[in-house]
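Novice: Based on what follows, work out the 3D shape:
(one chain, ligands or ions: 2)
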Amino acid sequence: MNHFLDIHKTDPAALRGMIDQARATKNARAGQPKATPDAEQPLKNRMVALIFEKPSTRTRVSFDVGVRQMGGQTMVLSGQDMQLGHGETIADTARVLSRYVDMIMIRTFDESVLLELAEYADVPVINGLTDRTHPCQIMADILTFEEHRGPIAGKKVVWSGDGNNVCASFLHAAGQFGFDMVFTGPQQLDPEDEFVALARSKGVQVSIERDAKTAVKDADLVVTDTWVSMHDAQSTRERRHNQLRPYQVNEELMRHARPDALFMHCLPAHRDEEASSAVMDGPHSVIFDEAENRLHAQKAVMRWCVEG
Ligand code: CP
Ligand code: NVA
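Specialist: Ligands and ions are numbered 1, 2, ... in the order given. As a prediction, the model looks like this:
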């Protein structure tokens, strides 16, 4: 069963195949209206459930459009409206959904929900974000980087800010795609040791640098994300803002990176908090290409899930 649960759980050759496939399919349909069916229809006659226990714009729309372009149909389900949100077990939910649909994408809080769903489902399960990781986002980000700058292997990626779920998937990708990473942020918000150790065990360099300007020196890519994620308690907002303010990505910080460095943010952004509007709308920024590439990357992920 080809579940897409995390980047480090997916074979590097398969990941490379998905990025290349995404790029080819994207190029083949360039300029066509969004509802034009792809030349190949790998999801023909297939039904895909998209479950959301947290809000979403990009993940929701890009999966829905992607499935349709590939010939399939979708149903979008809110976790709260399902029996899942009212005491039915995840295992039973997985067994039941497997009788109706051919694939499940879920955005949830605790990673254990995703893992249990995958354990008991007879159909592929895709991680559409948990508190801990966000692999589909980083597949889109790799595609975006390579479209603009060529192979990401050997490049230097700097994460500035909260060592959160998106940062974790970047660390997983560093190990699988072979690029180096520097994390810069307050110690209290470091990424989990496990993620750093895993990337290092695959032979890439991962370092932690408290000074943001030192960290971004020679960076090929600077990335940040919101200072308060959906799973973070609102009561931590002020503390997080105070801790993270020195790590805002602004024009002054970008001047310390390579002149051709890219800037990424998975969005949604809080403008002039984690990143200045000048950077978000400036020459380094590829944030809307990233958003578009969610669609193309996830289509390749879904195709791999059903075809291998
Ligand atoms: N980047 C991302 O996953 O966006 P949404 O929360 O809008 O899906
Ligand atoms: N870190 C953010 C990403 C949103 C796409 C969150 O989990 O809220």
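Novice: Around ligand 1, pick out the residues from the stretch 1-150 of the chain.
Specialist: By C-beta under 6 Å from any ligand atom, the residues of the stretch 1-150 of the chain that approach ligand 1 are S56, T57, R58, T59, L129, Q137. C-beta coordinates here come from the backbone N, C-alpha and C atoms, glycine included.
Novice: the strands in the protein, which residues?
Specialist: 47-52, 73-78, 103-107, 125-127, 156-160, 180-184, 206-208, 221-224, 262-265 (DSSP state E).
Novice: Could you give the number of residues near the nearest residue to S56 once chain neighbours are set aside?
Specialist: Counting by C-beta to C-beta, 6 or more residues apart in numbering, S56 lies nearest to R107, which is 5.9 Å off, once chain neighbours are set aside. Here the number of neighbours of R107 (other C-beta atoms under 10 Å) works out to 25.
Novice: could you check the distance from R107 over to A91?
Specialist: 19 Å (C-beta to C-beta, to the nearest Å).
Novice: Could you do E274 as well?
Specialist: Counting by C-beta to C-beta, the gap from E274 to A91 is 38 Å.
Novice: One more: S98?
Specialist: For S98, the distance to A91 - C-beta to C-beta - is 11 Å.
Novice: Give me the more crowded residue out of these two.
Specialist: S98 (18 against 13).
Novice: ok, back up a step: and the residues of the stretch 1-150 of the chain next to ligand 1, which of them are buried?
Specialist: Taking 16 or more other C-beta atoms under 10 Å as the criterion, what is buried in these is S56, R58, T59, L129, Q137.
Novice: Just to check, the fourth one is in contact with P55?
Specialist: What it means is L129. No: using C-beta atoms under 8 Å, L129 is not in contact with P55; the gap is 10.5 Å.
Novice: Find the nearest non-adjacent residue to the most centrally placed residue in the chain, please.
Specialist: The C-alpha lying nearest the average C-alpha coordinate of the chain belongs to Q137 (C-alpha atoms, centre = their mean; 1.8 Å). The shortest distance from Q137 to any non-neighbouring residue, by C-beta to C-beta, 6+ apart, is to C266 (4.8 Å).
Novice: OK, contacts around S276?
Specialist: Q248, V249, N250, E251 (C-beta atoms under 8 Å, 6 or more residues apart in numbering).
Novice: how about a cut-off of 6 Å?
Specialist: N250 (C-beta atoms under 6 Å, 6 or more residues apart in numbering).
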